[in-house]
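J.: Test case, fold it:
(3 chains)
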Amino acid sequence: MSGSSKNLGAFRIQGAGRLTPARTARFTFDGKSYTAMEGDSVASALLAHGVHLLGRSFKYHRPRGVLSAGPEEPNALLDVSRDASRRQPNVRATVQEVFDGAKIASQNRWPSLAFDIGSFNDLLSPFFAAGFYYKTFMWPRAAWHKLYEPFIRRAAGLGEAPKEEDADHYAGRYVHCDVLIAGAGIAGLTAALSAASTGASVVLVDEQPEVGGALHADAATTIDGQNGYDWAQATAAKLKAMPNVAVLNRTTVFGYYNHGFLGLVERVTDHVARPGKDLPRERLWQVRAKKVVLATGSIERHMVFANNDRPGIMLASAARTFLNHHGVAVGRRIGVYTAHDSAYEAAFDLKRAGVTIVAIVDSREKPGEAVLAEARSLGIDVLTGHAVTNTGGRRRINSMTVARNGNFDVRKMPVDALIVSAGWTPSVHLFSQSRGKLRFDEQNQRFLPDIYAQNCVSVGACNGTDDLADLIDEAIRAGSGSVAVSGENRFEWTGGMIGAAESAGPEHAVKAFVDFQHDVTAKDIRLAVREGMHSIEHIKRFTTNGMASDQGKLSNMHGLAIAAEMLGRPIPQVGLTTFRAPYTPVTYGTLVAHSRGDLFDPARKTPMHDLETAEGAEFEDVGNWKRAWYYPQRGEDMFAAVNRECKTVRDVAGVFNGSTLGKIEVVGPDAAKFLNLLYTNAWDTLKPGKARYGIMTREDGFVYDDGVVGRLAEDRFHVTTTTGGAPRVLHHMEDYLQTEFPDLRVWLTSTTEQWAVIAVQGPKAREIIQPFVEGVDISNEAFPHMSVAECQVMGVPSRLFRVSFTGELGYEINVPADYGPAVWKAIWERAKSMGACLYGTESMHVLRAEKGYIIVGQDTDGTVTPNDAGLDWAVSKKKMDFVGIRGLKRPDLVRDGRKQLVGLITKSPNIVLEEGGQIVADPNQPKPMKMLGHVTSAYWSENCGRSIALALVAGGRSRIGETLYVPLKDKTIAVEVTDMVFFDKEGGRIHG
Amino acid sequence: MVDSGIEMATRTSSLFGLHGGSSAVRLEAAPAAERISLRVHAENVSALSGALGVDLPVKPKTSASANGRTALWLGPDEWLVIGEGGYDIGNSLMQAAANSGALHSATDVSHRNVAILVSGPGAAAAINAGCPQDLSLKAFPVGACSRTIFGKIEIVLLRTAEDAFRVEVWRSFSDYAFGLLAEGARDAAL
Amino acid sequence: MLLIHCPYCEEDRSELEFRWAGEAHIARPENIAAISDEEFAEFFFLRNNEKGLTYERWRHIHGCGRFFNAARDTVSDRFLMTYKAGMPKQPIPVMEKAVAIAEEKTVETWEATEGDAR
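T.: Numbering: from 1, shown residues only, chains lettered A, B, ... in the order given. Purely as a prediction, here's the structure:
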């Protein structure tokens, strides 16, 4: 400990580690304050203070500590916060860097970490065996509601989700590169040097705060004559200075998708005490790489033996990292249990740092000779052919029980930490995600990349390349460049095992954990096999092995080996579960990136939006559009406003914003011919200056869209579509034009947004617009219903339609969008002075329903023909071809009894039906009733003084005059079938 | 002037006066411009080029500028032609195209689109906040143009200088485009 | 996310710019009004939905706007080729075919990885 007043922890080793003692940070853990060194992980900082108990396991609530020093950590999941709106559960203590002011809390315990009531589950564990949930909760059924579900809900899920909106923001960016390198250990850095030397654009990605990979743990390897870790930092600095290289630290390649596409998450502020407000918390990089070099290294496995999960038991490489990188000893009297030489190096480093190594217990009879010799020279007791058969201690390990393999004589040795290694598992996750195929390396009991599906190459430990010189060679070749790098390490490693260790075999009923986070033991996996699970996929789901948030980085190989042993089948035949993205958990914030708030989805506003707002409009969403819904005046609710608007339109006039209507300009000598093919109507007979209501069907004969089409010239049509249908109608038209009728000389252009559309409807419509219009005689004689003209409105070149969706005299003025506000303002001023109103989409709906005009998508549902909708008059009987001509003749489309659109009036005029209400002939028939159809539109009509409705009813038109019923939950409504026109049945007003 | 004392209508752009960005990226609304969507078969390209005074480029992802007009290749028979100015009533591009006498389709889209000018050392990075295209100078040199995706909307992107782009967008998407560009600009400055 | 070569833009572009448009090389019958119900069903409703080599239509809807055809291996998602609309069904180049077939054996499929679990 330094001489300062700062207590950096009793387990800091003077002179060890790479952190700077002068730079410290304070944080709290479960309310208690600690001092850490900058660069500490939460795990290393707590271990420095001798804190090993960090959490409780998921099922049995067993005390758990730190198992690893990296992203594979299954145990030490904590809740980390800056404030209430910046809180993240399930943070791995081994990944999270300490920052000043961090508030850290343990999870999955109540009332406290040390005394947790849930730990009684551990005593009840015989009842919580694998498959427990599946079996137990099946019966009795009634218990689901009151007992099982609340229990599962409380137990399910780790940590506690934040309740407040996330106060951070997130960023995202697309990037392209020639070579992406995942992992900046020796292999990745060497490959980057090599690739960069060719001039290629290189992105080097590493999940840790600094490059170096396995060199974090290592203190012995030298590269180019330099300490390995120092070489790594110097190399990264060199790479960062190159214009063609980007080095991303604290960045995880979480997904490797099709065609060289990779997802990266960069953690920008999670380690910063007081991040600047412009900094995103995390940044999503979406990378398209021509080539990918995987240098993802390998992950050490734990040993599977009885009570192998106590706090203080951890991977040997983790203990080595905490010592050599963080300067922290994970104990004072440490035992070693291993099946691999690498743990020896951890023991050597700890021993040299002054820690007592109680014994190296090696399951093998013959460890590597070099490490054995070194152990002897350091005076470390090595027990070959031995096993740790059990451990003791409640909140932390205090003893290990050791026996000779196959022997019952045990020795109990006091320890305060036990470091373990069963060997190394190559990290083939990304390779596998890229759809590469693995092979099983029998000799070393590991899966390695075999056949590549993409332009990708694996180098180093993830490729099973153990020899340092080979690794460097391989990395240089992967980068396709030429650089010279030479390395030297002290020991060649041998050994490794997968599956349960001695004393945790099938004959032993002990808790030997395979998957720590989900509390899956070797016994559970054997039980799954005994219960008939023969596929690894079934075993995984039955036991939940590998399904925790660490996705089985430590447990999958052990689980597989135990299952294979039970099944008596070789490992490759039992198979490996699929590796799926993400490699490590990714926050929703990152995936959402910029798409939050106003950027969640575009809010499309018409040119007149601000003016509508100023008039007090309430808006409704129609697709992405914001449309004025109704204009309440002082004291009016929606009902009152709509009634007033509807009445005023018919009595005087109304002004309506129709700008969102889809518009397509169809231009070319074959324009009419093309529209003849795409609409059911005939267009060659339409003269320039005239407009017509058109129906579009799909090939199957069902109504797809509708709208008014105006012919401006022989070769130019102004086509309108429904607001929601505009993009798909254009796509549909382009499809036919490009692929079925490519010889037609006609082109399509979306002009929806070129024009602001101001509809003026009602008896005074002509009088209102008259003074603004120039260049066309708009008298009834010269410009009757369904006319169109190019003219000037307020001096601006415009298109004027005489059309009506209200049944009143009506005009739609199309002005270039920038002029929309000025024209709207002037027209509304005049209209207002004449007693007219503004009306919104709700009144538009009521007014059109009063006239029986349909809305495609509301009164039709994709199974309605023009005939069903009463629009047979719009289907040309003379044309030889149009899209839908054959579909309309299909037997089911011409049969009797199809649902047809009709009007409904309720027997009591004040009841308004509900849209979607089902219609039956006899409300007293037994359930399930025979349903004849449903209500598609229903409104109160102030103009009719009663409710009105449209409905699709089987054989509807032949039922006019019949009484039918709409049964609801609490009442049945009697209705009479009518025709579809409720107002001005003669239709005289439209020609006014 | 119109009869009966009605005043001529004035223009209101959806992006009027908008500007923003960061230390690395400047964002500003482009002045109003004339635009046409031009469709021409290969055999009439030269006739339209002559009439418009700008050679319609026939190579994908390229543009050409002359006489205050820029023609952007959008598809094998499709160009977006942008003319400077556009405060005047009428569209001189429509007239010029009509004068070609050759078969074509020209549609006035002057008011359909608005443009945002993105400039500065972080311009490409800001656009890459939502655009999946490779905007390196090698892949997207000065003069390159493309219709593409920007977040959840469609844009037409034109590189006007090494560190300057013009983003053409349908007017109702301009708020979204500006908002996402502002986010990208902020991040590009870090 | 797929990377798709647009035969009109002569460039690989992100899937985001494209829209899939169903099976390719299904011509609309010229005498459509006269075909039988069975022929209509074949033309409009029935699709092969093949595993492996598939000919399909795509549209570069947020790019040049053109429809085109693609030969894609639905197992590996590899595009073997793309070509302009209106061109007849193209044979797969020999080299590409070899790669596609080699890949088919290597690629993770539901059947290979999880089929055993049925």
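J.: rest of the way, CA atoms for contacts and neighbours
T.: OK.
J.: which stretch of helix or strand covers the most centrally placed residue in chain B?
T.: Geometric centre of chain B, nearest residue: residue B:168, 4.1 Å, by C-alpha atoms, centre = their mean. Per DSSP states H and E: residue B:168 is located in strand B:164-170.
J.: Packing partners of the following helix or strand past that strand?
T.: Once the chain leaves strand B:164-170, the next helix or strand it forms, by DSSP H and E, is helix B:174-188. Packing contacts for helix B:174-188, counted by 3 or more C-alpha pairs under 8 Å, 6 or more residues apart in numbering or on different chains; DSSP states H and E, involve strand A:171-182, strand B:19-21, strand B:26-29, helix B:123-127.
J.: Flag every buried residue along stretch A:612-628.
T.: Within stretch A:612-628, the residues scored as buried using 16 or more other C-alpha atoms under 10 Å in any protein chain shown are A:612, A:617, A:618, A:619, A:620, A:624, A:625, A:626, A:627, A:628.
J.: Can you flag which of those belong to strands?
T.: If you go by DSSP state E, those have A:618, A:619, A:620, A:625, A:626, A:627, A:628 in strands.
J.: okay but the last one is in contact with residue A:616, surely?
T.: Meaning residue A:628. No - judged on C-alpha atoms under 8 Å, residue A:628 makes no contact with residue A:616 at a distance of 9.4 Å.
J.: State the mean pLDDT of stretch A:310-322.
T.: Stretch A:310-322 carries an average pLDDT of 98.
J.: Return the distance of it from the chain's centre.
T.: Distance, stretch centre to chain centre, for stretch A:310-322: 34 Å (C-alpha atoms, centre = their mean, to the nearest Å).
J.: what about that stretch, start to end distance?
T.: The first and final residues of stretch A:310-322 sit 18 Å from each other (C-alpha to C-alpha, to the nearest Å).
J.: How about stretch A:876-886 and chain C, touching?
T.: Yes - using C-alpha under 8 Å from any C-alpha of the partner chain, we find that stretch A:876-886 touches chain C at A:880, A:881, A:885, A:886.
J.: Contacts for that stretch, please.
T.: Applying C-alpha atoms under 8 Å, 6 or more residues apart in numbering or on different chains, the contact partners of stretch A:876-886 are A:676-682, A:697-702, C:32-35, C:40.
J.: please redo it, this time with the cut-off set to 7 Å
T.: Outside stretch A:876-886, the residues that touch it by C-alpha atoms under 7 Å, 6 or more residues apart in numbering or on different chains are A:676-682, A:697-701, C:32-33.
J.: Now do the SS call for residue B:93.
T.: helix (DSSP: H, G, I helix; E, B strand; the rest coil).
J.: Enumerate every residue touching it.
T.: For residue B:93, the contacting residues are B:36, B:52, by C-alpha under 7 Å, 6+ apart.
J.: Roughly how far does it sit from residue A:657?
T.: According to C-alpha to C-alpha, residue B:93 and residue A:657 sit 29 Å apart.
J.: ranges for the helices of the stretch 51-200 of chain A?
T.: Assigned by DSSP state H, counting those that start in this stretch, the stretch 51-200 of chain A shows helices spanning A:120-123, A:132-136, A:143, A:149-155, A:186-197.
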